[in-house]
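**Q** Dropping a prediction and its sequence here:
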Amino acid sequence: MDTSTGMAGVAVADRGAVLAEVTWSAGFNHTTQLLPAVQKVLQSAGIGIDDVDAVIVAIGPGSYSGLRVGVSTAKGLAASRGIPLVGVSTLAVEASPFARQDLPIRPLLDAGREEVAVGHYRASEGRLDEVEPPYVTSVELLCDSIRAPTLMCGERLPTVQQAIVERLGDLAVIPPLESLVRQPGRLAELGWRRLACGDSDDPATLQPVYLRAPSITKPRPAAGPRQTRRGS
């Protein structure tokens, strides 16, 4: 399950090989759309929920509401059925299609406030190694930190591509636009690699990765009782 952003996805896979998958524009409607999408891909794969042996979920960074829906649904399903749960970085899913590139890989997601959430990966024998933890920055500061040819990717790239190319020139390696669509099958593949090594997460402790606190306006303090001045 991937509900990290407005573009959501669900896949059913067998040992990392996709049997069925669906992606759709969920907007802010993950709550009402996720479980019907799960049912749809299960039917497409010709299996039922009782045939599911593990749950893999994208844990962000991404939208607060979307991640809460996806992670809580995945945790509930794994805990109720007693099956393994694996959380995978959404940025790793974004970088996964380029794991055979001999370049640093910088996937970008929208972080709000005109900033981006950035991952930093290196490909090693078709696998991704995380160079540094994800962080939030501006496009300008990100470009200032890049000194070598770097593959840029991720859902946020199309909207900031021009600014990146203007600042980095030939140092920015831009893949074809169609390759930037985040696929739940990639999430399934990354999760299966952990499962195959006997690695999984505890449903009681797995949490989404937000990178920053939500922008919530504090409520105004309640007004106290009005006092009326009495004449002498």
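**A** That came in fine, so what should we check first?
**Q** Next one: the most centrally placed residue in the chain relative to residue 138, how far apart?
**A** When Cα atoms, centre = their mean is applied to the chain, the residue found nearest the centroid is residue 90 (2.8 Å). Noted for residue 90: a distance of 20 Å to residue 138, by Cβ to Cβ, to the nearest Å. For glycine as for every other residue, the C-beta is placed from the backbone atoms N, C-alpha and C.
**Q** my guess is residue 211 is in a helix, correct?
**A** No - assessed with DSSP: H, G, I helix; E, B strand; the rest coil, residue 211 is coil; it does not lie in a helix.
**Q** Pull the contacting residues for it.
**A** 60, 61, 111, 117, 134, 135, 136 (Cβ atoms under 8 Å, 6 or more residues apart in numbering).
**Q** Identify, from the residues you listed, the entry nearest to residue 207.
**A** Nearest to residue 207 out of these is residue 60 (Cβ to Cβ; 9.2 Å).
**Q** and the closest one, what does it touch?
**A** For residue 60, the contact set (Cβ under 8 Å, 6+ apart) comprises 4, 67, 89, 90, 208, 209, 210, 211.
**Q** hang on, isn't the third one packed against residue 120?
**A** Pointing back at residue 89 there. No - using Cβ atoms under 8 Å, residue 89 makes no contact with residue 120, being 11.4 Å away.
**Q** Identify the contacts common to the two.
**A** 130, 134.
**Q** Tell me which of the two has more neighbours.
**A** residue 89 (23 against 20; other Cβ atoms under 10 Å).
**Q** With secondary structure as extra columns, can I get the contacts of residue 211 in CSV?
**A** As requested, the contacts of residue 211 are arranged in CSV below (three-state DSSP):
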residue, secondary structure
60, coil
61, coil
111, strand
117, strand
134, strand
135, strand
136, strand
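**Q** Filter these down to just the buried residues.
**A** Buried subset of the contacts of residue 211 (neighbour count, 16 or more other Cβ atoms under 10 Å): 60, 61, 111, 117, 134, 135, 136.
**Q** how much space between the residue lying closest to the second one once chain neighbours are set aside and residue 91?
**A** Residue nearest to residue 61 in three dimensions, not counting chain neighbours: residue 117, with 4.3 Å by Cβ to Cβ, 6 or more residues apart in numbering. Distance of residue 117 to residue 91, computed by Cβ to Cβ: 7 Å.
**Q** swap in residue 6?
**A** According to Cβ to Cβ, residue 6 stands 16 Å off from residue 91.
**Q** Neighbour count for those two, which is higher?
**A** The neighbour comparison of residue 6 against residue 91 (other Cβ under 10 Å) goes to residue 91, with 30 against 17.
**Q** So residue 162 lies in a strand, does it not?
**A** No - with three-state DSSP as the criterion, residue 162 is assigned helix and is not in a strand.
**Q** now the residue nearest to the centre of the chain: how far from residue 107?
**A** Distance of residue 90 to residue 107, given as Cβ to Cβ: 8 Å.
**Q** contact partners of the longest helix seen in the chain?
**A** If you go by DSSP state H, the chain has its longest helix at helix 64-81. With Cβ under 8 Å, 6+ apart as the test, helix 64-81 has contacts from 1-6, 8, 26, 28, 30-31, 34-35, 49, 52, 54-60, 83-85, 87, 203-204, 206-210, 214.
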